[in-house]
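Enquirer: A predicted structure for the sequence below; I have some questions about it.
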Amino acid sequence: MNGMITYFVRRLLLIPLTFLAITFMVYAVLRVVPGGPIEQAQMQMRKAMMHEGGGAAAAGVAGAEAEMQIPADAMKELKKYYHLDKSIPVGYGYWLWGILHLDFGQSYVYGEPVLKVIVSKFPISVYFGLIGYFASWIVCVPLGVTKAIKHKTGYDTWTSVLVFIGYAIPGFVACLMLMVFLGGGSYLNILPLGGFRSANWAQLGFFAKIWDQLRHTAIPVFGYLIGGFATMTILMKNSLLENLGADYVRTAFAKGLSERRVIFVHALRNSLIPITVGIGQAIGLLFAGSFLIEKTCNIPGMGLLGYNSLIQRDYPIVLGTMVFLVLIDLFGNIISDVVWALVDPRIRFSK
Amino acid sequence: MAKLLTTLLILVAAYYFTHRALPWLFTAAGRALGFEMNPSPDWQKRMKRFRSLRRGYYSYLIITTLFVLSFFLEFLVNNKPLMIKYDGRVAFPAFAEWGGWLPFVKDSRHINRKSDFGQVGDDEVDYRLFAAEEKDPSLLDGQIAEREKEIKDTEAEIAATKPGPGSTEDEKLDYRDLQETVPDIEGEIAALKKAKAVFAAGKASIIMPLYPYSPYEHLMDMPGRPPTGPTRTNILGTDDSATDVFAQLVYGFRVSLSFALIVSVLGYIIGIVVGAVMGYFGGWVDILIQRFIEIWASIPFLYVIMIIASIVQPSFILLVIMLVALSSWLSMTYYIRGEFYREKSRDYVQAAVAMGAGDWSVMMKHILPNSLVPVVTFAPFAIVGYVGQLVSLDYLGFGLPVGTPSWGVLMDQGMQYIKYYPHLILTPSIALAVTLYLVVQIGEAVREAFDPKVFSRLR
């Protein structure tokens, strides 16, 4: 028990270190490159001017160019606001201080606090991620178990082909193909082409709302499912097979228990451990993979936010998304360890 | 029919080259350098077992043959001919393009001018047109007739716009220009007539590749706006920059697999060295590197690569470096560290140390050959992973430079035309799925051959 506590303390202590290392690196990279808030503000001013009157723009490019310079004091103000007037380490210090006070800064594009934007997108990603994760349990565990029981039979062989196909196709490619076949005008048209909900969602009745949501959920969840499908199924199968060969299973058979009872009560419980432990990594992977699936299915979650803000050079959001991703990954690992210690009493983390 | 037969012949030749000639060359070269090229009985047994696993072994034959063949794609799928001969002038454009990196091959940027090969203009010869003309010189009649009509029209215009005393300076200039175009066109007609004579005399010939389109050219004379669907000539249609899809697919195969191979090999080398150091020395070195790896592994590497790629347009090499540095070296350290930890307490290691072998030589000469099983068994799956990464990055728009033939870019384009041109999504997806499926089959067979888990069912 003592060893376990020191283990977790060590893991927890490593979190801030990891966090600092990664965020500093990314902060430094983003500070060095062009396209920061100043350029962004200039762009916005230019846009505003174009909007005000085409005549002014036509009056003379040189004149417009001169007008587009941000006044010196405003420039100073802007730089001060984003701490661009300080060196990178000091600026990073300010940024970090803000993070510790849950102040992630202001988005250049949305004009809102970063935290607010991210938090508004977070539940959408969680919704798809969780459903995807549970869907993979529902599919992979029974498949893995039946594959293990029927090891080296025809059923095992042809489901293996299925598993390998699942391994070979990235999740977002599966989404793309499904959209072509089920969601496009090309073939069948039974599912929507991406999006989180229909545009007229608010006007729908209660059941129509649920139906609409389900229709929009199907393809992305299938993508998430494919992403972990092969690994999880094979893990389940091998783990059950290993347990079926263990001595305690022999004992259980020897005392005359039925095969059903031995498999489902004795062996299955132990063989679920590796899969349960994967929950932490699965969380991290779900969010890392969400860029692709959210972009493909046009789901306005964290992944699409991170992707769009990269393209729009909205660096406070990029950094904020980064912070979330790192934290999710780090805590996911810890969750895995805790779950492992909880479900497997044999685990001792000391040497 | 002839094309089909040629394709088959090329495939057979590629098979013999890949699986007969290359291994023989490899062994011979190894022997010449003084290596013992007989595999140990252990490896022989594994290789035999691998061959007996049919699905994996055939996948291995198919993938390696196609991969080796893909390095000669310039001769098979290209808009440049293998050989072109015209009135005593001979050129080998496909060879020049393929061997551009070789010192003795003519500069690959060298252009065969149209005017030297019986066509009109100063830019690169239109080889497909040349091939068509060679087959049927009467095609030139059309071009000549067109120009003769042009001359008539111009002469009519000249007569109509003859400047009088009241004309402005501009009108006079235009008139002079018009007058000058007539001899130009006449010169073109003379050149075309000469070309026709050359073709008719059989003094011109051309050998085009099997599929005469390149993934780097934009087919400007396609009817309608790109993208277009499959046709008889462009068997999988074109994408929205009017580039042939089939050509992109096959070149994309080469790019993807080479990328994955380079990333895995580099990652493996670094991972093996780091893992070996960790496992062999243990102690503080091990702990420090472990902590570092733990931190490094928590980097959301896909996002970091996207961030860097959004700033500097990555080249092939930069992408390889990023993927190796951020992710691919990590996985091997765990396995190699474990293997070294176990092996270093074995007697043969003690013996080597006692005989005065240095650390490096013990690690690389004695322990490493005994710890290669995870390296070999994980390699195919690593390749599957990196092909997927490259396709993902290309799809997101943070991958290889624009213009590189790539499956991911095609998929991204297909998204925009999903309702009208589903082949832009389906063909690269199927190519990706089939390729990776075959590689997974190889991996499964290798794993089975190296690490046969015999699960005993007790009851």
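Expert: All right, it came through fine. Numbering: from 1, shown residues only, chains lettered A, B, ... in the order given.
Enquirer: what's the burial count for residue 112?
Expert: Here I'm looking at chain A. Residues contacting A:E112 under the criterion other Cβ atoms under 10 Å in any protein chain shown number 12. For every residue, glycine as well, the C-beta is placed using N, CA and C.
Enquirer: let's do chain B instead
Expert: Neighbour tally, B:N112, other Cβ under 10 Å: 20.
Enquirer: now do it, the pLDDT please.
Expert: Per-residue confidence (pLDDT) for B:N112: 81.
Enquirer: same check on the one 4 residues further on?
Expert: Turning to B:D116, the model gives it a pLDDT of 81.
Enquirer: separation between it and A:V32?
Expert: As for B:D116, its distance to A:V32 is 50 Å (criterion: Cβ to Cβ, to the nearest Å).
Enquirer: with B:Q413 instead?
Expert: From B:Q413 to A:V32 the distance is 32 Å (Cβ to Cβ).
Enquirer: between these two, who's got more neighbours?
Expert: Neighbours per residue (other Cβ under 10 Å) separate B:Q413 from A:V32, with B:Q413 holding more: 20 against 10.
Enquirer: so for the helix or strand harbouring that one, mean pLDDT?
Expert: Using DSSP states H and E, the element containing B:Q413 is helix B:407-416. Taken as a whole, helix B:407-416 has an average pLDDT of 88.
Enquirer: mind listing residues that contact it?
Expert: Contacts to helix B:407-416, defined as Cβ atoms under 8 Å, 6 or more residues apart in numbering or on different chains, come from residues A:173, A:176, A:296, B:227, B:239-240, B:245, B:248-249, B:252, B:256, B:390-397, B:399, B:421-429, B:431-432.
Enquirer: got it, and stretch A:209-217?
Expert: With Cβ under 8 Å, 6+ apart as the criterion, stretch A:209-217 contacts A:128, A:131, A:191-192, A:194-198, A:201, A:204.
Enquirer: out of these, who's the most crowded?
Expert: Compared across the contacts of stretch A:209-217, A:F128 has the highest neighbour count, 25 neighbours, by other Cβ under 10 Å.
Enquirer: dump the residue contacts of the closest residue to that residue other than its chain neighbours.
Expert: Among residues not flanking A:F128 along the chain, A:P220 sits closest, at 5.2 Å (Cβ to Cβ, 6 or more residues apart in numbering or on different chains). Applying Cβ under 8 Å, 6+ apart, we find A:P220 in contact with A:128, A:132, A:175, A:293-294, A:297, A:299.
Enquirer: and the strands in the stretch 1-150 of chain B?
Expert: Listed in chain order, the strands of the stretch 1-150 of chain B (DSSP state E, counting those that start in this stretch) span B:83-86, B:89-91.
Enquirer: which one of the contacts of A:P220 sits closest to B:A309?
Expert: A:E294 (18.2 Å; Cβ to Cβ).
Enquirer: quick one: pLDDT of the closest residue to chain A within chain B?
Expert: Chain B approaches chain A most closely through B:L436 (3.5 Å), counting by Cβ to the nearest Cβ. If you check B:L436, the pLDDT there is 94.
Enquirer: picking up where we left off before, among the contacts of stretch A:209-217, which ones are in helices?
Expert: Here DSSP state H is the test, and the contacts of stretch A:209-217 give A:128, A:131 as lying in helices.
Enquirer: tabulate the contacts of stretch A:209-217 (TSV), appending pLDDT.
Expert: TSV is the format used below for these (pLDDT from 0 to 100):
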residue	pLDDT
A:F128	87
A:I131	88
A:L191	76
A:P192	79
A:G194	74
A:G195	75
A:F196	76
A:R197	76
A:S198	75
A:W201	73
A:L204	78
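Enquirer: up against chain A, what does the stretch 151-300 of chain B have?
Expert: Proximity of the stretch 151-300 of chain B to chain A (Cβ under 8 Å from any Cβ of the partner chain) is limited to residues B:291, B:294-295, B:298-300.
Enquirer: which of the helices or strands spans the residue nearest to A:F128?
Expert: helix A:206-244.
Enquirer: averaged pLDDT, that helix. What do you get?
Expert: The model assigns helix A:206-244 a mean pLDDT of 87.
Enquirer: flag every buried residue along that helix.
Expert: Residues of helix A:206-244 classed as buried under the neighbour-count rule (16 or more other Cβ atoms under 10 Å in any protein chain shown) are A:212, A:215-244.
Enquirer: same check, this time on stretch B:42-61
Expert: B:46, B:49-50, B:53, B:55-57, B:59-60.
Enquirer: export those to TSV and tack on pLDDT and distance to chain A?
Expert: As requested, the buried residues of stretch B:42-61 are exported to TSV (pLDDT from 0 to 100; distance: Cβ to the nearest Cβ, whole Å):
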residue	pLDDT	distance to chain A
B:R46	88	20
B:R49	90	16
B:F50	90	17
B:L53	88	13
B:R55	89	9
B:G56	90	11
B:Y57	93	15
B:S59	94	10
B:Y60	93	14
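Enquirer: quick check: phi and psi on B:D244?
Expert: Phi and psi for B:D244, reported as degrees, to the nearest 10, are phi -60, psi 130.
Enquirer: now do the SS call for A:G111.
Expert: What DSSP: H, G, I helix; E, B strand; the rest coil gives for A:G111 is coil.
Enquirer: count of neighbours near it?
Expert: 9.
Enquirer: over to A:R10?
Expert: Around A:R10 there are 11 residues (other Cβ under 10 Å).
Enquirer: just the buried residues of the residues of the stretch 151-300 of chain B next to chain A.
Expert: B:294-295, B:298-300.
Enquirer: of the residues you listed, closest to B:L210?
Expert: B:P300 (44.2 Å).
Enquirer: skipping adjacent residues, who's closest to that closest one in space?
Expert: A:L325 (4.2 Å).
Enquirer: any idea how far whichever strand or helix holds that neighbour is from the chain center?
Expert: Using DSSP H and E, A:L325 maps to helix A:315-343. Centre-to-centre, helix A:315-343 and its host chain are 10 Å apart (Cα atoms, centre = their mean, to the nearest Å).
Enquirer: helices and strands around it, which ones?
Expert: Here helix A:315-343 touches helix A:2-32, helix A:114-149, helix A:273-277, helix A:279-297, helix A:302-311, helix B:301-311, going by 3 or more Cβ pairs under 8 Å, 6 or more residues apart in numbering or on different chains; DSSP states H and E.
Enquirer: wait, which of these is closest to B:G283?
Expert: That would be helix A:2-32 among the helices and strands packed on helix A:315-343, by Cβ to Cβ, at 17.2 Å.
Enquirer: how about that closest one: buried residues?
Expert: A:7, A:11, A:14-15, A:18-19, A:21-24, A:26-27, A:30-31.
Enquirer: what does stretch B:290-309 give?
Expert: Buried-residue list, stretch B:290-309, by 16+ other Cβ under 10 Å: B:293-309.
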